[in-house]
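[1] predicted model, plus sequence, below.
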Amino acid sequence: MGGIALSIMINSIPDRKQQSPEGLHKAIWDYAFNALTETIQNEELSEILEEYTAMEAEDHYCEGEWEASDTELSYHFMDCAGNCYMEMDLSLHWFSRILWLNQDKLRILAGEYGYTINFEEVKATAEDKSILFLPYQNQFCSLYVEPDEEYGLFLQSYGEDNFHYKQMSDSDKAYIDRIINEKSCFCGLCEKP
């Protein structure tokens with residue numbers, strides 16, 4: 001199984017008692033997930049949030065795979081044996097975006113645990129537009145902006161379908177071209193469809 005991760009660097013605040021980094025790790029996840037639940041209004045996206053993103057967190061916490069130290073908090077999203085690439089990518093995108101959009105509140109939260117947060121990697125991940133998320137043919141899809149060497153440009157849907165650019169109608173190609181050129185993302189946090 002493959003996966004992707006976001007690491008958040010933290011530092012102890014001098015002369016302040018630090019609480020457990022594991023507690024901060026969980027508090028950040030809980031804050032982010034609750035903010036996502038309140039923000040994501042699209043029914044299909046809410047389903048992904050509940051069925052994939054929430055279960056990833058539950059699995060990783062139960063198995064002790066999400067790591068926390070005095071310097072780093074790590075959050076992993078897995079591809080579920082190749083069956084959940086779109087969900088994996090979308091969850092990382094959501095998580096980094098919601099952290100970036102709420103960094104002031106999260107700095108306060110980290111301070112309560114005796115830490116500061118470095119948002120550099122969060123910002124880079126949140127602003128990454130190499131994968132865009134969009135509706136296509138009544139499904140929610142991820143679009144990898146850089147064409148795959150073997151398959152070319154394609155979309156991967158929540159329903160596990162792949163849509164190849166070469167096989168699309170001219171109007172669908174124009175839609176995809178516009179999405180890429182404008183770097184439009186309809187993940188529920190970036191833009192509204």
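    Looks like it arrived, so ask away. Please read these numbers as outputs of a predicted model, since none were measured by experiment. Numbering: from 1, shown residues only.

[2] ok, which stretches of the chain are strands?
    For the chain, the strands defined by DSSP state E cover 3-12, 72-78, 115-118, 131-136, 139-144, 154-157, 162-164.

[3] name the helices or strands packed onto the third one?
    Judged by 3 or more C-beta pairs under 8 Å, 6 or more residues apart in numbering; DSSP states H and E, the packing partners of strand 115-118 are strand 3-12, helix 103-112. (Glycine included, C-beta is placed from N, CA and C.)

[4] the same query, at a cut-off of 6 Å, please.
    Here strand 115-118 touches strand 3-12, going by 3 or more C-beta pairs under 6 Å, 6 or more residues apart in numbering; DSSP states H and E.

[5] do the fifth one as well
    Strand 139-144 is packed against strand 131-136, strand 154-157, with contacts defined by 3+ C-beta pairs under 6 Å, 6+ apart.

[6] could you list the low-confidence segments of this protein?
    Residue ranges of the chain with pLDDT under 70: 1, 82, 159-160, 191-193.

[7] pull the contacting residues for Met88.
    Residues in contact with Met88, defined by C-beta atoms under 6 Å, 6 or more residues apart in numbering, are Phe77, Asp79.

[8] thinking again about what came up before, adding distance to Gln41 and mean neighbour count, write the strands of the chain out as JSON lines.
    JSON lines is the format used below for these (distance: least, C-beta to C-beta, whole Å; neighbours: other C-beta atoms under 10 Å):
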{"stretch": "strand 3-12", "distance to Gln41": "24", "mean neighbour count": "17"}
{"stretch": "strand 72-78", "distance to Gln41": "22", "mean neighbour count": "20"}
{"stretch": "strand 115-118", "distance to Gln41": "28", "mean neighbour count": "18"}
{"stretch": "strand 131-136", "distance to Gln41": "14", "mean neighbour count": "20"}
{"stretch": "strand 139-144", "distance to Gln41": "13", "mean neighbour count": "21"}
{"stretch": "strand 154-157", "distance to Gln41": "20", "mean neighbour count": "20"}
{"stretch": "strand 162-164", "distance to Gln41": "25", "mean neighbour count": "14"}
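
[9] no further questions, thank you.
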